[in-house]
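Trainee: would you be able to build a 3D model of this:
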Amino acid sequence: MNEKPIASLDPAELRRRAEQRLERQRSEAGAPQAAQDTQRLLHELQVHQLELEMQNEELRAAQAAVAAALDRYTHFHEFAPTGFLCLGREGTIRQLNLTGARLLGLPRDQLVGAGFGPFVVDADRAVFNAFFAAVFAAQTKQACEVRLQPTGQPPLTVAIEATLSADGQECRALLVHITARQRMEEKLRFRDRAIDSATQGISISDHRLPCHPVIYVNRGFEQMTGYTRAELVGKNIELLQGPDTDAKTIAVLRAAVAEGRSLETEILNYRKDGTPFWNRLAIAPVRSPGSLVTHYVAIRSDVSERRQAEAALRENEMRLRLALKAARMGTWDWDLQTNHVAWSPRHEALWGYAPGEFPCTLDGYESRLHPDDVEGARRAGQKAMDEHSDYAHEYRVLWPDGTVRWMAARGQVFNSSDGQPARMMGVVTDITEHKQTETTLRESEGKLRVVLDATPFPIAVVDLRDDRIQFWSRSALSLFGHTAPTTPEWYQMAYPDP
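Mentor: Down below sits the predicted model:
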């Protein structure tokens, strides 16, 4: 009577066994014990009934849990982003989820029993057939990528992984739509090719690791520095620095990196063979979604030729300034579009201006011209612009203290892309002393003429370089009848034939 009820028996079987036990007990114990035994048996049956009811409740709860789990599994199976298919040996679709049906472009009830092969584009059919045969032959997981042609939709690419069922009769496959991934990969490959084709040197350093090692350089970087990608990856980019690299520039770069800032500068680096080169360097941090700096991108442009040209230009400018100073010449630059006039400090000094005092306008230029020379200067400038010819003019300048100085200006007209004058540039020289010498010479010549005309002797001045007669005195003119003879006539009269 103390044996435990058997959970696997249903209530009817338990009742039958209980009645059999009761009959045995009655026959063994006899009539006097019948009432007592009946009472005990009734108790045990009631306990057993409660146990069965509790077991039934647990069974119903377990069945409900199984049903809920099955519902969850079915939901996950149906709405998973991955397509699930079961294919028979002949390639027909035996079962598929909703995602698999969407990938093929038809309702599920129209796909069950249909062949999967016709949905594979013709160009990829051989790849799929080899994959499908391998699933059944190798009995190990197989994978491939093929393009599908869904009904009424553009082609798409899927990655397929499949294994064989335990009974060896079904190919159970997972289909993942990878068209978007393929496009992204193609974009990344295109970006890599574009970066690799850039003439600038591009490097990427990993700032999550100690020493910030290089993880990528493009071909432009290799060509610029002479280092190969394998020689640079894993090393700090500062290996390009050398003995003449400016320490202050290095400090500025390190500070920018430590603070996660972008920076542009120029720095002297060294190639693998030890030759120095100047490069324009731009660095920029790459941040994670949490704004932490994970990498640094650096772009380098070789500016050695430009630096050399700038150095040569500075040297030429210095020589020009020395030459202009020695020649007492100034320079000017006139923008014809804006009338902005730029003068060198030497030009300002020649015109009586203090350094920086010239107002840089055409009015400021004309305000120092002698009033009688303003129109002449305007006409000379206009003529050069109209005829696209060189500018040359002499004029007088009035200094603030009333001093008059003579200037000689020379310049050139520069045209815009449409052929119109856009700019004039040139030099100016103080020719006051030259003008004073000319005046003195003219005065001396005048006095000499008076003296020569007053002498009673005939006098002629002949330029022996071209036999041209420069001067006849009055006595000489009287000798020839007050008419100056031509050079041949003069020779004939002065040196008659014997």
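Trainee: and the residue nearest the centre of the protein?
Mentor: Nearest to the mean C-alpha position of the chain, by CA atoms, centre = their mean, lies Ile299 at 8.7 Å.
Trainee: separation between that residue and Ile237?
Mentor: Going from Ile299 to Ile237 by CB to CB, to the nearest Å gives 12 Å. Using the backbone N, CA and C atoms, a C-beta is placed for each residue, glycine as well.
Trainee: could you do Ser291 as well?
Mentor: Ser291 sits 23 Å away from Ile237, taking CB to CB as the criterion.
Trainee: which one's more surrounded, these two?
Mentor: Neighbours were tallied for Ser291 and for Ile237 using other CB atoms under 10 Å; the higher tally belongs to Ile237 (22 against 8).
Trainee: can you get me a residue count around the nearest residue to Phe414 once chain neighbours are set aside?
Mentor: Closest residue to Phe414 apart from its sequence neighbours, by CB to CB, 6 or more residues apart in numbering: Arg423 at 4.3 Å. Around Arg423 there are 15 other residues, counting by other CB under 10 Å.
Trainee: could you pull up phi and psi at Arg423?
Mentor: Per-residue torsions, Arg423: phi -160, psi 150 (degrees, to the nearest 10).
Trainee: related to what we said a few turns ago, so the residue nearest to the centre of the chain makes contact with Asn279?
Mentor: No: the criterion here is CB atoms under 8 Å, and Ile299 misses it with Asn279 at 9.5 Å.
Trainee: who touches both of these two?
Mentor: Both Ile299 and Asn279 are contacted by Gly201, under the criterion CB atoms under 8 Å, 6 or more residues apart in numbering.
Trainee: Leu87 reaches Ala114, doesn't it?
Mentor: No: taking CB under 8 Å as the definition, Leu87 is not a contact partner of Ala114, at 10.7 Å.
Trainee: which of those two has more neighbours?
Mentor: Taking neighbours as other CB under 10 Å, Leu87 and Ala114 compare with Leu87 leading, 22 against 14.
Trainee: got the contact list for the helix or strand harbouring the more buried one?
Mentor: For Leu87, the enclosing helix or strand under DSSP states H and E is strand 83-88. Contact partners of strand 83-88, identified using CB under 8 Å, 6+ apart, comprise 77, 93-97, 99-103, 116, 132, 158, 165, 169-177.
Trainee: what's the mean pLDDT across stretch 474-486?
Mentor: With pLDDT averaged residue by residue, stretch 474-486 scores 64.
Trainee: likewise for stretch 259-266?
Mentor: Computed over stretch 259-266, the mean pLDDT rounds to 94.
Trainee: again with stretch 373-386
Mentor: Stretch 373-386 comes out with an average pLDDT of 92.
Trainee: what's in contact with it?
Mentor: Residues lying outside stretch 373-386 but in contact with it, judged by CB under 8 Å, 6+ apart, are 336, 366, 369, 389-393, 395-396, 411, 413, 421, 424.
Trainee: ok, back up a step: got the contact list for the residue nearest to Phe414?
Mentor: Contact partners of Arg423, counting by CB under 8 Å, 6+ apart, are 333-336, 413-414.
Trainee: show me the beta-bridge partners of it.
Mentor: Asp335, Phe414 (DSSP bridges).
Trainee: following the helix or strand containing Met184, which helix or strand shows up next?
Mentor: Here Met184 sits within helix 179-197, counting by DSSP H and E. Once the chain leaves helix 179-197, the next helix or strand it forms, by DSSP H and E, is strand 201-206.
Trainee: just the CA coordinates of that following strand, formatted as CSV?
Mentor: What follows is strand 201-206 as a C-alpha-only set of coordinates in CSV (Å, rounded to 0.1, in the frame of the first residue of the first chain):
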residue,chain,number,x,y,z
GLY,A,201,51.3,60.1,-49.4
ILE,A,202,48.4,58.8,-47.2
SER,A,203,49.0,56.9,-43.9
ILE,A,204,46.7,55.7,-41.1
SER,A,205,48.0,55.1,-37.6
ASP,A,206,46.2,53.1,-34.8
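Trainee: that one vs helix 179-197, what angle?
Mentor: Inter-element angle recorded for strand 201-206 and helix 179-197: 120 degrees (by axes from the mean of the first three to the mean of the last three CA atoms, to 10 degrees).
Trainee: the following helix or strand past strand 201-206 - which strands sit beside it in the sheet, and in what orientation?
Mentor: Following the chain from strand 201-206 toward its C-terminal end, the next helix or strand by DSSP H and E is strand 214-217. Partner strands for strand 214-217, per DSSP bridges, with pairing direction: strand 201-206 (antiparallel).
Trainee: how far away is Pro421 from Thr338?
Mentor: According to CB to CB, Pro421 and Thr338 sit 13 Å apart.
Trainee: so between the two, which is more surrounded?
Mentor: A count of neighbours by other CB under 10 Å puts Pro421 above the other of Pro421 and Thr338, at 17 against 9.
Trainee: count of neighbours near the nearest residue to that one once chain neighbours are set aside?
Mentor: On the basis of CB to CB, 6+ apart, the spatially nearest residue to Pro421 that is not a chain neighbour turns out to be Met385, at 4.4 Å. Look at Met385: counted by other CB under 10 Å, it has 16 neighbours.
Trainee: and for Ser367?
Mentor: A total of 11 residues lie near Ser367 under the criterion other CB under 10 Å.
Trainee: circling back to that earlier point, quickly list what the residue nearest to the centre of the chain is bridged to.
Mentor: With DSSP bridges applied, Ile299 shows beta-bridge pairing to Ile202, Ala282.
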